[in-house]
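Novice: fold the following, please.
(2 chains)
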Amino acid sequence: MHFAFTGQQIEFRDTVRQVLARECTTDDLRAAFAAPAARTARWATLAELGVVGLSVPETYGGLGLGLLDLVLLLEEAGRVALPEPLVATSALAAPLLGDLEGAGPAGATRVRSWLEEIAAGSIAAAVGPPPGSPAPVAGAVGADLLVLTTPGPEGGPEVHVVEAGAAEVTPITSLDPTRRLGAVTWEPTAETRLASGSRAASTIRSTSDRAAVATAAELLGVTDRMIVMAADYAKERKQFGRPIGAFQAVKHLLAGAQVKLEFARPLVYGAAWALDLGAPDASRSASAAKACASDAASEAARVSLQVHGAIGYTWECDLHLFLKRAWALSEAWGSAAEHRRRVLASLLASS
Amino acid sequence: MVCQISPDTLEPMDPTMDTPMDLRYTDAQEAFREEARSWLSAHAPSPHSLPSLDTAEGFEAHRAWERTMFADRWSVVSWPEEYGGRGVGILEWLIFEEEYWRAQAPLRVSQNGIFLLAPTLFEFGTDEQKARFLPPMASGEEIWCQGWSEPDAGSDLAGIRSRAGRAESDDGWVLTGQKTWASRGAFAEWCFGLFRTDPEAERHQGLTYFLVEMDSPGVTVRPIPQIDGETGFAELFFEEVFVPDSLVLGGVGRGWNVAMATAGSERGLSLRSPARYSEAVARLVALYARRLALDPERAVLTADAVAQAWIDAEAYRLHTLWTATRVLDGGSVGSEASANKIHWSETDLAIHRAALALLGPAAELHGGGADAPWLDGYLFALAGPIYAGTNEIQRNVVAERMLGLPRG
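Specialist: Numbers count the residues shown, from 1 in each chain, chains lettered A, B, ... in the order given. Here you go, the predicted structure:
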């Protein structure tokens, strides 16, 4: 039993934190809101650092690491509300392609070159929801590669990968433009199919679990940022002759959010470890992590806006850049309530 | 601030920090679990079979159980062997707690001593004090109560007025004043508490931490019935009670620091082990499954709360392992003990509220039947946000020390 990150993991996190503090300022975020893009100079920098290709096998130019190595970096991405699709590309598409590399009846060569291109930072991916979900595809607009699912002709789900040119993407407006939501129309063929039947079902299951944990990790970072912004504001803003942060009513709002964050964190780290290991209850851990991270983010969004008061309600104040990400990600890949339902179902099944 | 841990078990486990994360226990730890489980299954009284520890009869029954555990070295596993423990580490203590709660073994009547005073004694006590007090604490022979709050000093603990003056004989102190809400106070043999030794000093200075024998001349105990009608706590009156110098813990005038170490144990790692909640949510899920068959319409209304209670207990378990690892790696527990206290007290309430909601009209049936412990547990949980420093005070600590907000 050793529940801590290694020195190397912490160092990597610190490096990424420094780089993102410089490369992803709130001015940069405003620019991204105005002109959202999947790949940017920042994406290339992250690829050079090894972040984008972190879970690509070493043979294809990546680091061959797991989700546990990625969660701290995703937390940093959340802290700056990184507009680029790190979760979809690095936490979902790369491991999925790596797993299915040898499985596809055709196109193994293409899978390998996609993996190499991900590691090189020359493509960015979007990953669609499980079959039957009405959710739009996040990051679809501008993505080079779309990982999509279908219920399949004979009732068994299928996983397909489509390059941008072969799909028609209709943009859907999000409150957070950097989400680049789209409705995707495409023609599933034997060429695009990467997995079917039970293989596809297990890939979809594990991708959803990874998505829940990776999104939860991003939410930890966004949550921390909102709390810090509100605490900083509460130290400076004076009313009745003293900083508003000296008032208990304000303190208790922020302390409540901080406690939720503090207890969501170990769930997220533990779930990443469990998924990497393939632990029997990893799926339940993933749901517990997402439920708590979503709730922590929603609470932090609510109180950070309240603590800012009217200035927090303006476009000028940077807070909304993070609120919008928090609201979007809280619902993405399963809301807190949906994940609680999954947790209970799993508990009842095993009791 | 570490539970039942003596300083020599705090060696950094891995100074280079290159141990990969692993949430599995070792084979040796699993063997320790098996040993604890089999001992408990052979010796622990059946669940809820002892009378309440807040009655005279129940107090003695619980004391006898402590003695049974002590005889086989299970009462304080993480203490050094010389004081009656097994000298195992914090993780083994957590494993023992899991087995203890899984067995639904009795509440620990000696908890004020073994979980709160003992860590403070390990940190601040002299060798003589440790040798004198730890073994009878571990065996249940001497049960401790707390002397913190006063009628006019609760959340504002530094406002206490009970005082200690130098004895004429100059070999000790004379204590005068009133303490209240002393858990186990009705039946305990000893009391630890704070008294003001220097009335001129600034509030947090001039306080001293004393160990007081309850049958000392001048001590009067007035038991206070709690919300359940039983005398779980008491009011203590001190009228010129002589206490020798050897019973000052941590030095004259240093009482605030020593008391904060005890409070840290109460809020942090040692008083409320995660096993307590893991066991309760396992019962809650089983209750949900039963009620789902009997009364599905009501049951589904609580589904969300049941799931959240389980998640909160799991978050607490993992958070504790996270903290324990940091302690084993040479770190310490700071103001996050306050976040911890808010979480465990709210989790306890959430678990029991969900259970009562599942039971519906049956929830008010008190004093019998398989489901009666839920109501007792709820009444107990209600005290959680109040004792060990109210949650409002803990939120102030989180805001000021973790978020850097100005003091009000």
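Novice: distance of B:Glu57 relative to chain A?
Specialist: Computed as C-beta to the nearest C-beta, to the nearest Å, the B:Glu57 to chain A distance reads 36 Å. For the C-beta atoms, the positions are set from N, CA and C on the backbone; glycine is no exception.
Novice: pull the contacting residues for that residue.
Specialist: For B:Glu57, the contacting residues are B:Pro51, by C-beta atoms under 8 Å, 6 or more residues apart in numbering or on different chains.
Novice: now do the buried residues in the helix or strand where it lies.
Specialist: Using DSSP states H and E, B:Glu57 sits in helix B:56-71. For helix B:56-71, burial by neighbour count (16 or more other C-beta atoms under 10 Å in any protein chain shown) applies to B:Gly58, B:Phe59, B:Glu60, B:Ala61, B:His62, B:Arg63, B:Trp65, B:Glu66, B:Thr68, B:Met69, B:Phe70.
Novice: same check, this time on stretch A:112-132
Specialist: Counting neighbours by 16+ other C-beta under 10 Å, stretch A:112-132 gives A:112, A:114-121, A:123-131 as buried.
Novice: give me the mean pLDDT for it.
Specialist: What stretch A:112-132 shows for mean pLDDT is 96.
Novice: ends of that stretch, how far apart?
Specialist: 29 Å (C-alpha to C-alpha, to the nearest Å).
Novice: likewise stretch B:121-130?
Specialist: First-to-last distance for stretch B:121-130 - C-alpha to C-alpha - comes to 6 Å.
Novice: same question for stretch A:55-66.
Specialist: Stretch A:55-66 end-to-end distance (C-alpha to C-alpha) = 6 Å.
Novice: chain center to it, what's the gap?
Specialist: Distance of stretch A:55-66 from the chain centroid (C-alpha atoms, centre = their mean, to the nearest Å) equals 19 Å.
Novice: so which residues make contact with it?
Specialist: Everything outside stretch A:55-66 that qualifies as a contact, by C-beta under 8 Å, 6+ apart, is A:50, A:53-54, A:67, A:69-70, A:90-91, A:94-95, A:98, A:101, A:112, A:115-116, A:118-120, A:272, A:276.
Novice: distance of B:Cys251 from chain A?
Specialist: That one is not Cys; residue B:251 is Gly. 33 Å.
Novice: in the stretch 1-150 of chain B, what residue is nearest chain A?
Specialist: The minimum distance from the stretch 1-150 of chain B to chain A, using C-beta to the nearest C-beta, falls at B:Met17 (3.7 Å).
Novice: give me every residue that touches that residue.
Specialist: B:Met17 neighbours (C-beta under 8 Å, 6+ apart): A:Ala4, A:Thr6, A:Gly7, A:Ile10, B:Asp329.
Novice: please enumerate the helices of chain B.
Specialist: B:27-43, B:56-71, B:90-102, B:111, B:118-124, B:127-139, B:255-267, B:274-294, B:296-301, B:303-328, B:336-359, B:372-383, B:391-397 (DSSP state H).
Novice: and the shortest one, what does it pack onto?
Specialist: This means helix B:111. For helix B:111, not one helix or strand is in contact under the criterion 3 or more C-beta pairs under 8 Å, 6 or more residues apart in numbering or on different chains; DSSP states H and E.
Novice: ok, now the fifth one?
Specialist: Using 3+ C-beta pairs under 8 Å, 6+ apart as the contact test, the elements touching helix B:118-124 are helix B:127-139, strand B:248-249, helix B:255-267.
Novice: same thing but at 6 Å, please
Specialist: helix B:255-267 (3 or more C-beta pairs under 6 Å, 6 or more residues apart in numbering or on different chains; DSSP states H and E).
Novice: please apply the same query to the last one.
Specialist: Counting contacts by 3+ C-beta pairs under 6 Å, 6+ apart, helix B:391-397 is packed against helix A:248-277, helix B:336-359.
Novice: so what pLDDT did the residue of the stretch 1-150 of chain B closest to chain A get?
Specialist: On pLDDT, B:Met17 comes in at 70.
Novice: so which of the helices of chain B comes closest to A:Asp144?
Specialist: helix B:303-328 (37.0 Å; C-beta to C-beta).
Novice: mean confidence for the closest one?
Specialist: 96.
Novice: any part of that helix near chain A?
Specialist: Yes: under the criterion of C-beta under 6 Å from any C-beta of the partner chain, chain A is reached by helix B:303-328 at B:Ala303, B:Asp304, B:Ala307, B:Gln308, B:Ile311, B:Glu314, B:Ala315, B:Leu318, B:His319, B:Leu321, B:Trp322, B:Thr325.
Novice: can you spell out which helices and strands pack onto that helix?
Specialist: In terms of contacts (3+ C-beta pairs under 6 Å, 6+ apart), helix B:303-328 is packed against helix A:248-277, helix A:282-308, helix A:336-350, helix B:274-294, helix B:336-359.
Novice: now do the buried residues in the second one.
Specialist: In other words, helix A:282-308. By 16+ other C-beta under 10 Å, the buried positions in helix A:282-308 come out as A:282-305, A:307-308.
Novice: out of those, which touch chain B?
Specialist: A:Ala288, A:Ala291.
Novice: count the neighbours of B:Ser155 for me.
Specialist: 12 (other C-beta atoms under 10 Å in any protein chain shown).
Novice: next one: A:Glu187
Specialist: For A:Glu187, using other C-beta under 10 Å, the count is 11.
Novice: how about it, secondary structure?
Specialist: What DSSP: H, G, I helix; E, B strand; the rest coil gives for A:Glu187 is coil.
Novice: contacts only, for it.
Specialist: Applying C-beta atoms under 6 Å, 6 or more residues apart in numbering or on different chains to A:Glu187 gives no contacts.
Novice: what about it, distance to A:His160?
Specialist: 10 Å (C-beta to C-beta, to the nearest Å).
Novice: one more: B:Thr197?
Specialist: 77 Å.
Novice: and A:Lys260, by the same measure?
Specialist: For A:Lys260, the distance to A:His160 - C-beta to C-beta - is 38 Å.
Novice: what of A:Ser55?
Specialist: The gap separating A:Ser55 from A:His160 is 20 Å, by C-beta to C-beta.
Novice: who has more neighbours out of those two?
Specialist: A:Ser55 (28 against 24).
Novice: which residues of chain A fall in strands?
Specialist: A:125-127, A:145-150, A:158-163, A:168-171, A:182-185, A:193-196, A:238-239, A:242-243 (DSSP state E).
Novice: quick check: bridge partners of the closest residue to B:Leu249 other than its chain neighbours?
Specialist: Among residues not flanking B:Leu249 along the chain, B:Tyr209 sits closest, at 4.5 Å (C-beta to C-beta, 6 or more residues apart in numbering or on different chains). Note on B:Tyr209: beta-bridge partners B:Leu194, B:Leu249, judged by DSSP bridges.
Novice: contacting residues for B:Tyr209?
Specialist: B:Leu194, B:Leu249, B:Gly250, B:Gly255, B:Val258, B:Ala259.
Novice: count of neighbours near the closest residue to the fifth one other than its chain neighbours?
Specialist: What that stands for is B:Val258. Nearest residue to B:Val258, sequence neighbours excluded (C-beta to C-beta, 6+ apart): B:Gly250, at 3.7 Å. B:Gly250 has 21 neighbours, counted by other C-beta under 10 Å.
Novice: equivalent analysis for A:Pro151, please.
Specialist: 12.
Novice: got it, and the one 3 residues further on?
Specialist: The number of residues packed near A:Glu154 is 8, by other C-beta under 10 Å.
Novice: quick one: pLDDT of it?
Specialist: pLDDT, A:Glu154: 75.
Novice: mind checking how far the nearest residue to A:His2 once chain neighbours are set aside is from A:Gln9?
Specialist: Using C-beta to C-beta, 6+ apart and skipping the chain neighbours, the partner closest in space to A:His2 is B:Thr19 (4.8 Å). Separation of B:Thr19 from A:Gln9 (C-beta to C-beta) stands at 11 Å.
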